[in-house]
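Trainee: could you work out the structure for the sequence below:
(chains A and B)
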Amino acid sequence: MAQEDFTVHVGWLVAIMAASGALLFILLSLRIAFYARERRAAAENANRTKDLFLATLSHELRGPLGAVIGWTDVARSYLDDPRELERCLDIVLRNAKQEARIIDDLLDVSSILSGKFSVDLGPVPLSGVVQEGVEACRPVADEKGVVLRAQVDAGLSVSGDRKRLLQVLHNLIGNAIKFNTPGGWVRVTLERADLRARIVVADNGAGIGKGALEHVFERFWQPERKAGAGYAGLGLGLAIVHHIVALHGGRITAQSGGPGLGAAFTVELPLLAAQPAASRDDAPVAAHGEPSLAGLAVVAVDDDRDTRDWLERLLRRHGAQIWLASSADEAEALCARVSPDLLVSDIAMPRRDGHDLVRALRARPGDRPFGALALSAQASEEDRQRALEAGYDVFQPKPCEGGKLVRALQRLAGERVATRADAP
Amino acid sequence: MTPGAAKQILVVDDRPDVTGFMRAALERAGYRVAVAENGSRALALQRAHPADVLITDIFMPEGDGIETIDRVRAEFPGTRIIAMSGAVRGRQDYLSVAAQIGVDATLHKPFTVDELIRTLKTVL
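Mentor: Residues are numbered from 1 along each chain as shown, chains lettered A, B, ... in the order given. Okay, the predicted model is just below:
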């Protein structure tokens, strides 16, 4: 090779190496810069989150206290007006209780963080606990106009801390109601899934965005909001719930179709022992050990499909023959065809209600007498009276535990049998 | 406005139990009171019937406390503005933010009826 060519080649080689080196250097610098910026952004974010948390904490703690101080002050002007005075006291009490709950949550988180949070494990009748949790939330749901329904399989027990499990339910159901609007619904189900008990709290409320879904159980985490915006709450509840479920050897997951599309929270807990679907404790077994509603023909009426599904599963499991109707008209036609032993009916149904149905059925000449149980979500004393006057034998408030309903129907059927036996 | 007529106050807070006692106390003290639970509702009320004084929280869930103050100041120069808050920011509180954007007075939460009326009188 000629000397000049060699120099040119070497020259090119050096140039390329230099360029590559420079490029590499530039790329490396950029990488470091971005990394540092990410770290800085994360630190700023953490700082912002802490700032926001402190702002929210102080705002939330002082909120109910403001109402307590304000209304106590105002109450002084109403010393001669007992009704207004009582109203002031109600408001003060409500806010003081709210303050107490905030403090409870903060203390729970504090003890979780310091490793002192504990659960007392013992056998817990989960079915009963879920019902209790639902009923505890019913007043809030009613006041907001949110429909709260429960479908609870009977006889499921877990090893757990009853108080903490109630706390979980109260939090999940409370959230479902809180992030909902009047006319919306919340559905709580408890069922067996292999060796686990599965609780689902579903709603058609505000829903959770995809970005938020993976953070929803983090302590103090709040969804993205405008700068300066306050939050409804401290973001502690779900973190506490997550911790409690973990301490029970369970698992909790959240699902949502997205904002405005509702959400579902699923809690799975290991069952205490392998149990038959119809537990000994909750559903009575007839004298010879056969299913307690054996041989009974039942017509069940409810305009709600979920309730019909539940009734069908429940009554069939206990040996009854069941026909379903979604309206009073349908039920009347069925009863004419089937001539049932028992009628289980909702009261509040569109167009024709349960009162009308039972009155019409009782008025039919020549029909075989049947036992009628009203199963209704409207359960005041007045509602009970109205149902009994219309012709129902038994009034059962909804939601009700499966075993309780079966026992009531069994008693009703027994009375009917006795009556028929006595009749000439 | 006719001299001696009762002053109109617009109170904005997302907590009904807070606006409730404020309304009771202010009406008892002879003021006319309108109440809103968020900024957009407040603006609608203000535009329909401008208040003499706007009292608003600045750390509400919809994040529109400060924005409301801005708008009212721009559109209604005759309306006095009082910012209220219990939210803490670093060593100060959110009210220092409000002071920066220009309000006529601030109210630290929680406050008594006395403090409310006294602060109101300082801006009227």
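
Trainee: residue ranges with poor pLDDT in the chain?
Mentor: Since you didn't name a chain, this refers to chain A. Along chain A, segments meeting pLDDT under 70 span A:1-2, A:49, A:220-234, A:273-291, A:415-424.

Trainee: ah, no, chain B please
Mentor: Checking chain B against pLDDT under 70 turns up B:1-4, B:90-91.

Trainee: if you set the cut-off to 50 instead, what comes out?
Mentor: B:1-2 (pLDDT under 50).

Trainee: longest helix in it, by number of residues?
Mentor: Criterion DSSP state H: the longest helix present in chain B is helix B:16-28.

Trainee: following that helix, which helix or strand comes up?
Mentor: strand B:32-36 (DSSP states H and E).

Trainee: output the contacting helices and strands for the lengthiest helix in chain A.
Mentor: Secondary structure of chain A read by DSSP H shows that its longest helix is helix A:3-75. Here helix A:3-75 touches helix A:82-113, helix B:16-28, strand B:88-89, helix B:113-123, going by 3 or more Cβ pairs under 8 Å, 6 or more residues apart in numbering or on different chains; DSSP states H and E. In this view, the C-beta of every residue, glycine as well, is placed from N, C-alpha and C.

Trainee: could you check how far A:F53 is from B:V88?
Mentor: 10 Å (Cβ to Cβ, to the nearest Å).

Trainee: of those two, which one has the most company?
Mentor: Per other Cβ atoms under 10 Å in any protein chain shown, whichever of A:F53 and B:V88 has more neighbours is B:V88, with 20 against 17.

Trainee: which other residues reach stretch A:304-319?
Mentor: A:149, A:151, A:187, A:277-278, A:283, A:290-296, A:298, A:300, A:302, A:322, A:324, A:326, A:344, A:346, A:375, A:398, A:402, A:405-406, A:409 (Cβ atoms under 8 Å, 6 or more residues apart in numbering or on different chains).

Trainee: what is the neighbour count of residue 80?
Mentor: Since you didn't name a chain, this refers to chain A. 7.

Trainee: that's the wrong chain, I wanted chain B
Mentor: So B:R80, with other Cβ under 10 Å, has 21 neighbours.

Trainee: what is it paired to in the beta sheet?
Mentor: B:V53 (DSSP bridges).

Trainee: center of chain B, which residue is that?
Mentor: Nearest to the geometric centre of chain B sits B:I55, at 0.6 Å (Cα atoms, centre = their mean).

Trainee: can you tell me the element it falls in?
Mentor: Counting by DSSP H and E, B:I55 is part of strand B:53-57.

Trainee: report all helices and strands that that strand contacts.
Mentor: strand B:8-12, helix B:39-48, helix B:65-75, strand B:80-85, helix B:113-123.

Trainee: for that strand, the distance to its chain's centre please.
Mentor: 1 Å (Cα atoms, centre = their mean, to the nearest Å).

Trainee: what is the burial count for residue 5?
Mentor: This is for chain A. 9.

Trainee: should've been chain B
Mentor: Neighbours around B:A5, by other Cβ under 10 Å: 9.

Trainee: now A:R39
Mentor: Around A:R39 there are 10 residues (other Cβ under 10 Å).

Trainee: can you give me the first-to-last residue distance of stretch B:102-118?
Mentor: 20 Å (Cα to Cα, to the nearest Å).

Trainee: near chain A at all, the longest helix of chain B?
Mentor: Yes - in terms of Cβ under 8 Å from any Cβ of the partner chain, part of helix B:16-28 sits within range of chain A, namely B:D17, B:V18, B:G20, B:F21, B:M22, B:A24, B:A25, B:R28.

Trainee: mind exporting that helix as PDB, just the C-alpha atoms?
Mentor: Extracted in PDB, the C-alpha atoms of helix B:16-28 (Å, rounded to 0.1, in the frame of the first residue of the first chain):
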ATOM      1  CA  PRO B  16     -72.200  21.200  54.700                       C
ATOM      2  CA  ASP B  17     -71.700  21.000  58.400                       C
ATOM      3  CA  VAL B  18     -69.300  24.000  58.100                       C
ATOM      4  CA  THR B  19     -71.400  26.100  55.800                       C
ATOM      5  CA  GLY B  20     -74.400  25.200  58.000                       C
ATOM      6  CA  PHE B  21     -73.100  26.700  61.200                       C
ATOM      7  CA  MET B  22     -71.700  29.700  59.300                       C
ATOM      8  CA  ARG B  23     -75.100  30.400  57.800                       C
ATOM      9  CA  ALA B  24     -76.800  30.100  61.200                       C
ATOM     10  CA  ALA B  25     -74.300  32.400  62.900                       C
ATOM     11  CA  LEU B  26     -74.200  35.000  60.100                       C
ATOM     12  CA  GLU B  27     -78.000  35.200  59.700                       C
ATOM     13  CA  ARG B  28     -78.400  35.600  63.400                       C
END
